[in-house]
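Trainee: Build me a structure from this.
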Amino acid sequence: MEQIESKDKIHKQELLETQVEIQMQTMQHIGREIHDNIGQKLTLASLYTQQLAFENKAPQVNKSIKNIADIINESLSELRLLSKSLTDNSIELHSISELIENECKKINALKKCVVHFSKDSKTKIESYQIKSIIFRITQEFLQNSIKHANCKNIFVLLKDTDNSLVLTLKDDGKGFNINALNAGGIGLKNMKKRTELIGGQFKLESLDQKGTTLTIELPLT
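Mentor: Sure, this is the predicted structure:
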């Protein structure tokens, strides 16, 4: 029975690795297409509107042309940002602590709450999918706390124990009833499922008006 469960776990991890790899390649392909194809066409359209404005002497027409040019340029800027995010390989290039710390800095820049990051870990995670899952769960917790918890502080701690890597995420927000959320908490269920797929333990605690704490423990082998 244990052998069957072990094989099933290995199979799930292999499926996860394949899914992550396919998703990463797909996003990079879409990002390149946006930059190389759609981006170039919008740039060309912007140049045409500039030429039209230069050649046309009617003020009303020029005003309409300018409005079109502004829309095209705004769309071009947004597409460039999207392309950059899709082709971003920061997860591959940075350590998990660097990724989480940089995300905390981004949240602090919003000035909606204060994120306190600390680490006591020297663990180096080589696996892209493990880093990706831990990082995405961190992002999701931070976003949920900002949107729903009405918190003033979020505490993020990454540390090593004797045989595991532990990530603790805690906010001082209004909390919620975990049992009442179980039926519709799809996001939380997905976070738990992703943690278990990489062999980790997922523990979520929340008390009314006392905040929420998420602990992820990943065995080091």
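
Trainee: For Gly173, give me phi and psi.
Mentor: phi -80, psi -160 (degrees, to the nearest 10).

Trainee: List the contacts of it.
Mentor: Ser145, His148, Ala149, Asn150, Cys151, Gly211, Thr212 (Cβ atoms under 8 Å, 6 or more residues apart in numbering). Every C-beta, even on glycine, is put in place using the N, C-alpha and C of the backbone.

Trainee: Okay, and the residue nearest to Lys203 when sequence neighbours are not counted sits in which element?
Mentor: Of all residues beyond its chain neighbours, the one nearest Lys203 is Thr215 (4.4 Å), with distances taken as Cβ to Cβ, 6 or more residues apart in numbering. Per DSSP states H and E, Thr215 falls inside strand 211-219.

Trainee: what are the ranges of the strands in this structure?
Mentor: 114-120, 153-160, 164-171, 201-207, 211-219 (DSSP state E).

Trainee: With respect to Asn73, which of these lies nearest?
Mentor: With Cβ to Cβ as the criterion, Asn73 lies closest to strand 114-120 of the strands of the chain, at 33.6 Å.

Trainee: what's the angle from the closest one to strand 153-160?
Mentor: Here strand 114-120 runs at an angle of 10 degrees relative to strand 153-160 (axes from the mean of the first three to the mean of the last three Cα atoms, to 10 degrees).

Trainee: Present the strands of the chain as CSV; the columns should include mean pLDDT.
Mentor: Output for the strands of the chain, formatted as CSV (pLDDT from 0 to 100):
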stretch, mean pLDDT
strand 114-120, 96
strand 153-160, 96
strand 164-171, 96
strand 201-207, 93
strand 211-219, 95
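
Trainee: show me where pLDDT drops low in this structure?
Mentor: 1-37, 56-59, 82-88, 181-186, 221 (pLDDT under 70).

Trainee: What segments of it are helices?
Mentor: Remark: helices assigned in the chain by DSSP state H are 2-33, 39-55, 59-86, 90-93, 96-110, 128-144, 178-181, 186-197.

Trainee: Redo the strands of the chain as CSV? Include mean neighbour count and distance to Leu81.
Mentor: Output for these, formatted as CSV (neighbours: other Cβ atoms under 10 Å; distance: least, Cβ to Cβ, whole Å):
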stretch, mean neighbour count, distance to Leu81
strand 114-120, 16, 23
strand 153-160, 18, 25
strand 164-171, 21, 27
strand 201-207, 15, 32
strand 211-219, 20, 29
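
Trainee: Please identify which of those is closest to Leu42.
Mentor: With Cβ to Cβ, the closest approach to Leu42 among the strands of the chain belongs to strand 114-120: 35.9 Å.

Trainee: Run me through the strand neighbours of the closest one, direction for each.
Mentor: Here strand 114-120 has these sheet partners by DSSP bridges: strand 153-160 (parallel).

Trainee: how big is the angle separating the partner strand from helix 128-144?
Mentor: Going by the same axes, to 10 degrees, strand 153-160 is angled at 160 degrees with respect to helix 128-144.

Trainee: mind checking how far strand 153-160 is from the chain centre?
Mentor: Between the centre of strand 153-160 and the centre of its host chain there is 17 Å, according to Cα atoms, centre = their mean, to the nearest Å.

Trainee: now stretch 135-147
Mentor: For stretch 135-147, the distance to the chain centre is 8 Å (Cα atoms, centre = their mean).
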